[in-house]
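Peer 1: my questions concern the predicted model and sequence given below.
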Amino acid sequence: MPPKGKGDKKKVDPAKRNRISKWYPADDEKRHFTRKYRTPKVAALRKNIAPGQVLILLGGRFKGKRVVFLKQLKSGLLLVTGPHKINGVPLKRVNQAYVIPTATKVDLAGVNVSTVDDDYFARAKVQKAKKSEEAFFATAQEKPEEEKKRIAEKKGKQAQFDAALIQNIKKVDQLKSYLSARFTLTNRMRPHELHF
């Protein structure tokens, strides 16, 4: 028999090739998440969600609050607002999996949402100062001028959206109190019988 070289392939018995492995990974073993595609596809807007619709938030800091849906952003997230003056919810992005759409709608006349996109929510990169004794004991850190400008601009845009929306909300009877009330479940409520 001639000696085997590096290029020769090992012949595998067909019966062994189809044999099931006796080794299985443990249930609690950590598995690295691998995405099939480099970037996930943008989620299509749910059929029962439309601009101007009142949504109930299910998670996060404002869970249970009712918000007005403005538009879907390029990232697939929903742009919503309270309005801030009524229930304290600012302009924010929300995943549509964490909302319940209701039958209530608000007129969006006079509300221009074309100026808001995903870049509006991008955070400014802060340069870290060198570590020193003075910096360690410093009590108040002032925000850079760029950050102050951005915050002032955001406050202005929020007030602009609120003014237009509140005018439309006041036209509908009891809509303001409906938006300001938090959605909660009580003992006697049956979630499967609720109609939103």
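Peer 2: Okay, I see it. Numbering: from 1, shown residues only.

Peer 1: now do stretch 105-125, average pLDDT.
Peer 2: Regarding stretch 105-125, the rounded mean pLDDT is 88.

Peer 1: same question, stretch 31-46
Peer 2: 83.

Peer 1: and the contacts of that stretch?
Peer 2: Residues from elsewhere that reach stretch 31-46 (C-beta atoms under 8 Å, 6 or more residues apart in numbering): 25, 72, 74-76, 96, 101. For every residue, glycine as well, the C-beta is placed using N, CA and C.

Peer 1: repeat for stretch 172-182
Peer 2: Applying C-beta under 8 Å, 6+ apart, the set of residues contacting stretch 172-182 is 54, 64-68, 82-83, 86-87, 104, 106, 166, 169-170.

Peer 1: buried residues in that stretch?
Peer 2: 175-176, 178-179 (16 or more other C-beta atoms under 10 Å).

Peer 1: for it, give the mean pLDDT please.
Peer 2: In the prediction, stretch 172-182 has an average pLDDT of 94.

Peer 1: could you identify the helix or strand that succeeds the top helix by length along the chain?
Peer 2: Using DSSP state H to define each element, the chain has its longest helix at helix 145-171. Toward the C-terminal end, the helix or strand that comes next after helix 145-171 (DSSP states H and E) is helix 175-180.

Peer 1: re earlier: of the contacts of stretch 172-182, buried ones?
Peer 2: For the contacts of stretch 172-182, buried by 16+ other C-beta under 10 Å: 54, 65-68, 82-83, 86-87, 104, 106, 169.

Peer 1: show only the entries of these found in strands.
Peer 2: 54, 66-68, 104 (DSSP state E).

Peer 1: circling back to that earlier point, packing partners for the longest helix of the chain?
Peer 2: strand 78-81, helix 84-87, helix 175-180 (3 or more C-beta pairs under 8 Å, 6 or more residues apart in numbering; DSSP states H and E).
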